[in-house]
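A.B. asks: sequence-free structure coming up:
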């Protein structure tokens, strides 16, 4: 495993401090040495990316698709080693990481298909009307073009699907943007393996070398320098509110401010409507015990807030939830920092006014380090409304049940919620129609609203929206999962009265790429 | 003319200072008293807007279209009075304002048609695969939904097309967002007349009253309070860099930051390629003399920068340009502030290193106030590159000719340009193919690239892109002109496994609205 920094698909010797990867379950150092990057490497990487950009933006779409598919192939080839290393570095089970590997490669192929099909550029053509009165109408043709070099921050909780070749990188490359990855310190080795796969894929498909770079750092200097570099045109980040806001502030203070797409977490409220709670008490309790503790609760879509109305069924639900949570074994958290933070916050929260603990799981594996204990607490609507701290994310297997006297009170709790990635409703279909007000209020707070499902499964498809009102995301108009994630890294460019021969193929008369286009206000594949 | 502030379509008495409109050509006060609003009115307007939002977002699309068409009808009805008042307040000629009136109403009708047709919501449906292994695939359906109350700042240079019922308001209403307008102090009366038309249209189509408010202020308090109000969800602004950045900073400092779409001006470079300059010397000189001085140069797309290579043809071009500019009569500028600022900046610029004046028009109408004098200066590429001040917009009939020794030097001048709304190339088709590098560099700096046309005509159509890399716009991913301007005020919302009966019609099985949708990755109007 080569742990040197990568600039323009080449490994670079540096005199930077040597960094090691740690197994969070054992605390032991893992094989491999990685090297802290510096501002010179940042500058080299961005200059190479800016140079490559002029080639990338004019790349044939099939070649761009081939590159994305080649990355998927190379990653598949090293699958077993990769999953083993990712598990050792993250504490996540092998099964989970095998699934994540599949998601990562199919995500790359999804973007390859999108690019190869070609209609995603949203070509809009309004042809000239030279005889229009009082003024002739010019010919205007517009399509989406890449924005420039994109900096991607790897996320700790998805060492494959949201890291070096994850959704952010795949969508930026699909857009035609070179990518510079800041490797996440929680999985240096996984990052190195995936980066090597990307380099191979770039070589096989003869990409310009500046299309990919990756730098290591255990601190904040390299990340800050990447965001501040004048050649950087956009940033993608998944992580904490604090981390995301720090990057956003840096990007805003630039001479040329740039968009930071930050996905900063969410408490993903779940509302239990009375009939559903009555009819499916035990089923729902078990379902949520599983959802809250899945992956040690380390999902951005983890259900951190349960809302329900007082009833005997709710008491029964709590009992079943308690029984189910009690027997959830502890799990290794991603890093000692995350484990310590979870332990601290989940301990502190019970000192907040009116908060009572319902259950804490107590099957702690003493052989392993950084173990999480699932915890459920409860609070009244009044106490919940008065205390903003109760609405903040606690990253881990924790959830807070907010108990309302009636629906009116429950709606008040909904009104004080911040923006969310997801909101879920557990409801019988016939009762749903009585709650249009509640549904409107919930819709207004979220990017995705789910009926009787679990928020923790994030399907990678065209219709997915993974991004909600602030602070769930920095800009609710975009998603970080699904094929429309590509829209973060493109901007429209209009050509007026342009020469047919010099127009991009997407905009030429006769539609040589056979894509869907909006031609004089009609969506068509017409070749006229 | 009723000059009281408007909250939720109702006129409100206030004890605010009385404000007057001034004719910039005469300096005389015009008929009508307007009243400075205050923070209480801001709060009332936003609360009403937030309440109306819950109705607006679920409005039938035909009703929303009817509202937009009704605004166009009401404005058409008061056309003559409106154009007269706008001319008196802005100093712009009647003919220009008649054209702008037509643009304003056709813009409203364009958005009405967009809404009535319905496909703009970008419905994407991925149906369930309950038997998929290892996990079933849920049903996910996504569409664009309105973002919430939008604050629109009227622009001085388009008192109709970019003010109270201009492109920003039309696109926000089309999205389903209530609008609160901050009336521009340069045309209080025009604003009041248009606002009255909107109120009538809202009454005729039974809109929720909170859908529209309008407040007056001659300072910054009301505007700042509007941007800072927690219920405001987005801001649209067209104006100066300084003004736009002030609003952006306020929006960034909010607890919940919101998007500000600011269109902050541009110097709209024009590159003259050698053959075109040789073949069409006089024609191009006359064309640009007209374009630079059109509307006293008060367009965001005014060509403020001309780039060409030294040649006898260029000397000839300069001579024709000089002859044409010399006989351009002075024109009344929009406000005394703008006139003073133009006089100051266009005087200062000739003291910058290497800048020489080519021509100043000297037909000044001494009977009228706030008269602009067209001015053309020139500078070498070296001096241009060294001095960032030469790349700043001077709002008015001014343009700077940058003279390069050769194409290589010209490209260096292009490299230092900031983001632009438009870039134009004057070229013979056969010579264009030799300049792919130049075209790539120019494309990277702009939202619209024009061949042999004038940037000052901004066609309102689906393919238009009016928004470029910073500082031309705050976010190059959006446009403020054309039907896709609606995208600034919407965000995607995904429904997972949602009840058919409760889904919006846009997402229901059977496609009851008969719109284009992306159904399982195919664009279709299918009713299956």
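C.D. replies: Nice, thanks for sending it over. Quantities reported herein were computed from a predicted structural model and do not represent experimental measurements.

A.B. asks: Buried residues, stretch A:496-514. List them.
C.D. replies: A:496, A:498, A:499, A:502, A:503, A:504, A:506, A:507, A:508, A:511, A:513 (16 or more other Cβ atoms under 10 Å in any protein chain shown). Yep, even glycine has a C-beta here, placed from its N, CA and C like the rest.

A.B. asks: Give me the contacts around that stretch.
C.D. replies: Outside stretch A:496-514, the residues that touch it by Cβ atoms under 8 Å, 6 or more residues apart in numbering or on different chains are A:61, A:118, A:121, A:123, A:125, A:128, A:138-143, A:495, A:515, A:517, A:525-528, B:429, B:432-433, B:436, B:439, B:448-453.

A.B. asks: What remains of the residues you listed if I keep only buried residues?
C.D. replies: Buried members of the contacts of stretch A:496-514, scored by 16+ other Cβ under 10 Å, are A:61, A:118, A:121, A:123, A:125, A:138-143, A:495, A:515, A:517, B:432, B:439, B:448-453.

A.B. asks: Excluding residues flanking it in the chain, which one is nearest the residue in the stretch 251-400 of chain A positioned nearest to chain B?
C.D. replies: For the stretch 251-400 of chain A and chain B, the shortest gap (Cβ to the nearest Cβ) falls at residue A:256, measuring 4.9 Å. Nearest residue to residue A:256 in three dimensions, chain neighbours excluded: residue B:470, at 4.9 Å (Cβ to Cβ, 6 or more residues apart in numbering or on different chains).

A.B. asks: Any idea how many residues pack against the residue lying closest to residue A:487 once chain neighbours are set aside?
C.D. replies: Take residue A:487 and drop its neighbours on the chain: the residue closest to it by Cβ to Cβ, 6+ apart is residue A:478, 6.1 Å away. Neighbour count for residue A:478, taken as other Cβ atoms under 10 Å in any protein chain shown: 24.

A.B. asks: Show me what whichever helix in chain A runs longest is packed up against.
C.D. replies: Ranked by number of residues, the top helix in chain A under DSSP state H is helix A:94-117. Helices and strands touching helix A:94-117, as assessed by 3 or more Cβ pairs under 8 Å, 6 or more residues apart in numbering or on different chains; DSSP states H and E, comprise helix A:61-77, helix A:79-90, helix A:167-175.

A.B. asks: in it, what counts as buried?
C.D. replies: A:97-101, A:103-105, A:107-115.

A.B. asks: what's next to the next helix or strand after it, contact-wise?
C.D. replies: Where DSSP states H and E defines the elements, the next helix or strand beyond helix A:94-117 is strand A:124-126. With contacts defined as Cβ under 8 Å, 6+ apart, strand A:124-126 is touched by A:137, A:139-143, A:507, A:517-521, B:459, B:461-464, B:484.

A.B. asks: The residues you listed in helices, which ones?
C.D. replies: Among the contacts of strand A:124-126, no member lies in helices (by DSSP H).

A.B. asks: Could you list which of these belong to strands?
C.D. replies: A:140, A:141, A:142, A:143, A:517, A:518, A:519 (DSSP state E).

A.B. asks: can you put those in CSV and add pLDDT and distance to residue B:29?
C.D. replies: Compiled in CSV, those are given as follows (pLDDT from 0 to 100; distance: Cβ to Cβ, whole Å):
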residue, pLDDT, distance to residue B:29
A:140, 97, 43
A:141, 98, 48
A:142, 98, 45
A:143, 98, 50
A:517, 97, 53
A:518, 96, 49
A:519, 96, 52
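
A.B. asks: quick one: contacts for the spatially closest residue to residue A:207 that is not a sequence neighbour?
C.D. replies: Nearest in space to residue A:207, with sequence neighbours left out and distances taken as Cβ to Cβ, 6+ apart, is residue A:67 at 5.5 Å. Contact analysis of residue A:67 by Cβ under 8 Å, 6+ apart lists A:173, A:201, A:202, A:205, A:207, A:211.

A.B. asks: In terms of helices and strands, where is the residue lying closest to residue A:390 once chain neighbours are set aside?
C.D. replies: Spatial nearest neighbour of residue A:390, excluding adjacent residues (Cβ to Cβ, 6+ apart): residue A:384 at 5.4 Å. Residue A:384 belongs to helix A:381-386 when elements are defined using DSSP H and E.

A.B. asks: Quick check: what element follows that helix along the chain?
C.D. replies: Helix A:381-386 is succeeded, C-terminally, by strand A:398-404 (DSSP H and E).

A.B. asks: Just want the angle from the helix or strand just after that following strand to strand A:398-404.
C.D. replies: Downstream of strand A:398-404, the next assigned helix or strand under DSSP H and E is helix A:407-415. Put simply, helix A:407-415 runs at 140 degrees to strand A:398-404, going by axes from the mean of the first three to the mean of the last three Cα atoms, to 10 degrees.

A.B. asks: Could you look up the SS state of residue A:366?
C.D. replies: Of the three states, residue A:366 takes coil under DSSP: H, G, I helix; E, B strand; the rest coil.

A.B. asks: where's it relative to residue A:329, distance?
C.D. replies: 12 Å (Cβ to Cβ, to the nearest Å).

A.B. asks: Could you measure from residue A:171 over to residue A:110?
C.D. replies: In terms of Cβ to Cβ, residue A:171 sits 10 Å off from residue A:110.

A.B. asks: how about residue A:380, what does it touch?
C.D. replies: A:354, A:402, A:403.

A.B. asks: for residue A:361, same thing?
C.D. replies: So, once contact is read as Cβ under 8 Å, 6+ apart, residue A:361 ends up touching A:293, A:325, A:326, A:327, A:328, A:329, A:330, A:373, A:374, A:375, A:397.

A.B. asks: ok, it to residue A:323 distance?
C.D. replies: 11 Å.

A.B. asks: Ok, residue A:329 next?
C.D. replies: For residue A:329, the distance to residue A:323 equals 15 Å [Cβ to Cβ].

A.B. asks: now swap in residue A:331 and tell me
C.D. replies: 19 Å.

A.B. asks: ditto for residue A:91
C.D. replies: 26 Å.

A.B. asks: for the closest residue to residue A:123 other than its chain neighbours, which residues make a bridge with it?
C.D. replies: Spatial nearest neighbour of residue A:123, chain neighbours left out: residue A:517 (4.0 Å); criterion: Cβ to Cβ, 6+ apart. Assessed by DSSP bridges, residue A:517 has beta-bridge partners residue A:524.

A.B. asks: so residue A:517 makes contact with residue A:523?
C.D. replies: Yes: if you go by Cβ atoms under 8 Å, residue A:517 and residue A:523 touch, sitting 7.5 Å apart.
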